[in-house]
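1. Just the structure for this:
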Amino acid sequence: MDIHCPACGGGVFDAGNMYLCDNGEQCRGGFKVWASVAGYTLSEEDLTAICAGQTSKEHEFISKAGKPFRAKLRWDFEEQRVIFKFREAPKVIEGVMCPDHEVELRASDKRYYCPTKLEDETWCRVGVWRSYGDHEVTPEELSEILSGVPVGPWELTKRDGTGTYEVMATFDFEENKVVTVFVEPVGKGNDRKGGLGV
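-> You can find the predicted model right below:
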């Protein structure tokens, strides 16, 4: 294994039920990683990520009470040991309700979404991207859109960076997506419309 100790940079070797640093007692961090953590056996890929100061992929573990849970593993440089990294709970968008299920929406890194699981084991399809072009959708705009109220105009930058254009945004309840329509500048005299539905 060409893996190096995150505490001192020494080589890491497989000691059977754990991984240790070649520098032994000279290792300033006393590096030691158990080969099996909460019922899961580390792979070489996991160990490589941990020793590089990165986070492993998510795996299923078994708690001391016998219950399964999911987490990632990483090396904690302060505590000099492997720790679990759990998913952060999605942020609740207070007062912004799903039009289909009357539950408050949640926010992931990229989307606002309804957390309702349906009887057929699929999830509610109501969702709105957190940004359209360079416009960040606010919770107030989200609430209006999902109430059927058009919002905007939003000023977006053209993809080629040569200027901006404006759109109004509405929610298509049949397609469960935001649809945007170009706003023509006053005096242009043409009826061009375009959809940027996502």
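2. What's the local residue count around Trp75?
-> When neighbours are counted by other C-beta atoms under 10 Å, Trp75 registers 23. (C-beta placed from N, C-alpha, C; glycine too.)
3. does it sit in a helix or strand, and which one?
-> Following DSSP states H and E, one finds Trp75 within strand 68-76.
4. Adjacent strands (with direction) for the next helix or strand after that strand?
-> Using DSSP H and E, the next helix or strand after strand 68-76 towards the C-terminus is strand 81-85. If you go by DSSP bridges, strand 81-85 pairs up with strand 68-76 (antiparallel).
5. Which residues does the strand holding Trp75 contact?
-> With contact meaning C-beta atoms under 8 Å, 6 or more residues apart in numbering, strand 68-76 is reached by 6, 37, 42, 46, 49-51, 53-63, 81-87.
6. go with 10 Å
-> Strand 68-76 is contacted by residues 5-7, 29, 31, 33, 37-40, 42, 46-47, 49-63, 81-87 when judged by C-beta atoms under 10 Å, 6 or more residues apart in numbering.
7. Restricting to C-alpha, output that strand in PDB.
-> Below are the C-alpha coordinates for strand 68-76, written out as PDB (Å, rounded to 0.1, in the frame of the first residue of the first chain):
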ATOM      1  CA  PRO A  68     -28.200   0.500  10.900                       C
ATOM      2  CA  PHE A  69     -27.100   4.100  10.100                       C
ATOM      3  CA  ARG A  70     -25.300   5.700   7.200                       C
ATOM      4  CA  ALA A  71     -22.300   8.000   7.400                       C
ATOM      5  CA  LYS A  72     -18.900   8.800   5.900                       C
ATOM      6  CA  LEU A  73     -15.500   8.500   7.600                       C
ATOM      7  CA  ARG A  74     -12.800  11.000   7.900                       C
ATOM      8  CA  TRP A  75      -9.600  11.600   9.900                       C
ATOM      9  CA  ASP A  76     -10.000  14.200  12.600                       C
END
